[in-house]
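Undergrad: I need the structure of the sequence given here:
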Amino acid sequence: MTKEVSIDCENLTKNYASATALAGISFKVSKGEIFGFIGPDGAGKTSLFRILATLLLPDNGTASVEGLDVVKDYRKLRQILGYMPGRFSLYQDLTVAENLQFFAGIFRVNIKENYYLIRDIYEQIAPFANRRAGKLSGGMKQKLALCCALIHKPVVLILDEPTTGVDAVSRHEFWEMLIRLKQEHITILVATPYMDEAVLCDRVALIQHGEIMAIDTPESITRAYPDQLFKIKSNNTLTAIRLMKEFEGILSAEMFGDTVHVSAEKGRINAYAIKEYLSEKGMMVTAVSEADPGIEDCFIHLMKQSGVVKNETIIS
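TA: Just a heads-up that it's a prediction; the model follows:
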């Protein structure tokens with residue numbers, strides 16, 4: 001059964017004076033789907049989202065949301081969109097309650113009629129209803145912004161890096177909210193630099209330098225990883241990376257927190273050979289084991305495959 005399309009982009013291009021933000025990307029998002037755009041800063045996520053939110057004009061290509069063209073039908077489109085930009089954009093001098101009332105007034109809705117949609121979120125910030133928005137913590141600001149984006153019951157919700165800069169608990173709570181919102185048949189488009197959030201999406205697009213490198217379910221993307229992956233823990237991560245890059249048969253060696261992820265051709269080497277090699281070089285190796293690839297491993301592999309040098313920091 002073919003799913004209905006909510007967002008449809010064809011050959012979308014956006015250039016700035018000194019850079020290309022979007023290099024002719026095409027994708028579709030199904031209705032009621034949580035679709036994630038995964039990539040580091042500068043990948044093109046914000047430019048894309050601003051185009052879809054009718055705040056930026058594309059240079060070429062077409063984009064439609066719920067059958068409405070983002071350029072020609074921008075007035076109608078703004079009535080069915082909920083948009084949460086990367087930076088907190090509510091009125092800092094208004095209280096929590098005043099911000100919510102203001103956005104309800106813009107869309108000419110009564111807070112009570114759509115309160116069921118934001119109840120779980122708003123009850124967490126209700127004790128601060130009379131506090132100015134600018135005085136809230138990062139997590140509370142995030143929840144208020146989501147309430148204001150939802151108060152008119154949008155058909156499509158666009159979230160540009162909504163969890164950047166907030167603590168791990170708030171990130172977890174925010175994604176629990178998104179999963180509940182999906183049950184209301186709202187299409188959710190979310191951008192994030194956090195690779196661990198990718199697995200919470202129905203499908204993801206891996207984007208870098210304005211180009212989409214892969215689109216699929218998180219499971220399918222990781223399953224397509226072609227190499228054998230090893231995880232190394234040692235007394236000196238940087239030295240381990242340097243030595244592994246000199247070891248015959250190694251395709252890549254990258255830092256992942258306090259460990260090193262090493263990829264090799266399947267069947268070429270094993271964990272014992274890696275441990276012996278590093279020990280011979282005078283390193284204290286705590287553990288070497290085979291590992292299942294994650295989204296970040298796949299991202300790095302695709303970047304290398306496309307000839308892009310990995311010089312950005314990807315947060316894992």
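Undergrad: Strands of the stretch 1-150 of the chain, residue ranges please.
TA: 5-15, 20-30, 34-38, 60-65, 68-69, 81-84 (DSSP state E, counting those that start in this stretch).
Undergrad: so the third one versus strand 20-30, what angle?
TA: Put simply, strand 34-38 runs at 160 degrees to strand 20-30, going by axes from the mean of the first three to the mean of the last three CA atoms, to 10 degrees.
Undergrad: returning to what we had before: between the strands of the stretch 1-150 of the chain, which one is nearest to Ser220?
TA: strand 34-38 (13.7 Å; CB to CB). From N, CA and C alone the C-beta is placed, and that goes for glycine too.
Undergrad: who does the closest one pair up with?
TA: Here strand 34-38 is paired, per DSSP bridges, with strand 187-192 (parallel), strand 203-208 (parallel).
Undergrad: Quick one: the ones you listed as JSON lines, columns for mean pLDDT, distance to Ala21 and mean neighbour count too.
TA: Listed next are the strands paired with strand 34-38 as JSON lines, based on pLDDT from 0 to 100; distance: least, CB to CB, whole Å; neighbours: other CB atoms under 10 Å:
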{"stretch": "strand 187-192", "mean pLDDT": "94", "distance to Ala21": "13", "mean neighbour count": "25"}
{"stretch": "strand 203-208", "mean pLDDT": "94", "distance to Ala21": "11", "mean neighbour count": "24"}
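Undergrad: Ok, which of those strands comes nearest Leu229?
TA: Of those, nearest to Leu229 by CB to CB is strand 203-208, at 17.2 Å.
Undergrad: and for that closest one, what are the contacting residues?
TA: Residues outside strand 203-208 that contact it (CB atoms under 8 Å, 6 or more residues apart in numbering): 25, 27, 29, 33, 35-40, 43-45, 198, 212-218, 221, 295, 298-299, 302-303, 306, 308.
Undergrad: These in helices, which ones?
TA: 45, 218, 221, 295, 298-299, 302-303 (DSSP state H).
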